[in-house]
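>>> Pasting the sequence and the predicted model now:
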Amino acid sequence: MSRIGRTPIAIPAGVEVKIDGRNVEVKGSKGTLTRTLNQGITAEVEGSEIIVKRENENKETRALHGLNRTLVANMVKGVTEGYSKTLEVNGVGYRAAKEGNKLVLNIGFSHQVFVEETDSIKIDVPNPNTIVINGIDKQEVGQFAADVRNKRRPEPYKGKGIKYADEVIRRKEGKTGK
């Protein structure tokens with residue numbers, strides 16, 4: 001049995017879980033998330049825990065057991081706490097600002113770059129060099145942060161660009177470095 005897959009998921013107070021066949025719906029204080037489990041994987045609520053089980057011992061089903069359990073656990077965490085990614089803007093004259101529901105980036109182009117928030121993603125700019133992306137869906141927050149980072153990826157010589165707060169940029173020496 002999968003070590004991750006057999007671990008039960010605790011349901012915190014204020015979270016409502018509805019399971020209809022392979023469809024799992026988790027409703028909490030921050031919002032509602034739904035997901036369809038893979039073929040051969042089922043979930044059930046026992047007391048204040050969610051148990052993810054597999055219907056057979058096929059290789060594919062065994063491989064997806066832990067994945068589906070983790071996806072459901074991420075849903076429960078998302079509707080209670082939420083997820084956030086922090087990005088840093090580095091470079092002379094590089095800065096970020098928020099105008100209404102748009103993120104305005106000055107990142108070395110001849111024009112400003114605009115990124116609009118979605119219904120499920122909220123952008124916060126505490127200072128001109130920091131961008132915080134918040135949401136309840138872990139995958140959606142990570143993808144949105146990657147899209148913002150790809151507007152101007154950090155370059156290896158001066159480190160200019162948009163990077164994750166915990167990312168380390170491997171620096172290269174310039175022409176004179178021997």
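Nice, I can see it.
>>> shaky segments in the chain?
Along the chain, segments meeting pLDDT under 70 span 1-2, 177-178.
>>> where along it do the strands fall?
Using DSSP state E, the strands of the chain run over 9-10, 16-20, 23-27, 32-36, 41-46, 49-54, 83-90, 95-99, 102-106, 113-116, 121-127, 130-135, 161-164.
>>> Just the buried residues of the biggest helix by length in the chain, please?
Longest helix in the chain, counting residues (DSSP state H): helix 59-80. For helix 59-80, burial by neighbour count (16 or more other Cβ atoms under 10 Å) applies to 61, 64-80. Just so you know, the C-beta spots here come from the backbone N, C-alpha and C atoms, and that holds for glycine as well.
>>> for stretch 46-57, same thing?
50, 51, 52, 54.
>>> Please identify which of these is nearest to residue 156.
Nearest to residue 156 among the buried residues of stretch 46-57, counting by Cβ to Cβ, is residue 52 at 42.3 Å.
>>> In space, what's closest to that closest one - neighbours in sequence excluded?
Excluding its sequence neighbours, the residue lying closest to residue 52 (Cβ to Cβ, 6 or more residues apart in numbering) is residue 69, at 4.1 Å.
>>> Let me know whether the one you found touches residue 7 as I believe.
Yes. Between residue 69 and residue 7 there is a contact under Cβ atoms under 8 Å: 6.8 Å.
>>> Next up, the contacts around the nearest residue to residue 152 once chain neighbours are set aside.
For residue 152, ignoring the flanking residues on the chain, the nearest one in space by Cβ to Cβ, 6+ apart is residue 107 at 4.1 Å. Residues near residue 107 by Cβ atoms under 8 Å, 6 or more residues apart in numbering: 89, 91, 94, 113, 151, 152, 161, 162.
>>> Looking at those, which one is closest to residue 172?
residue 161 (14.0 Å).
>>> Brilliant, that's me finished.
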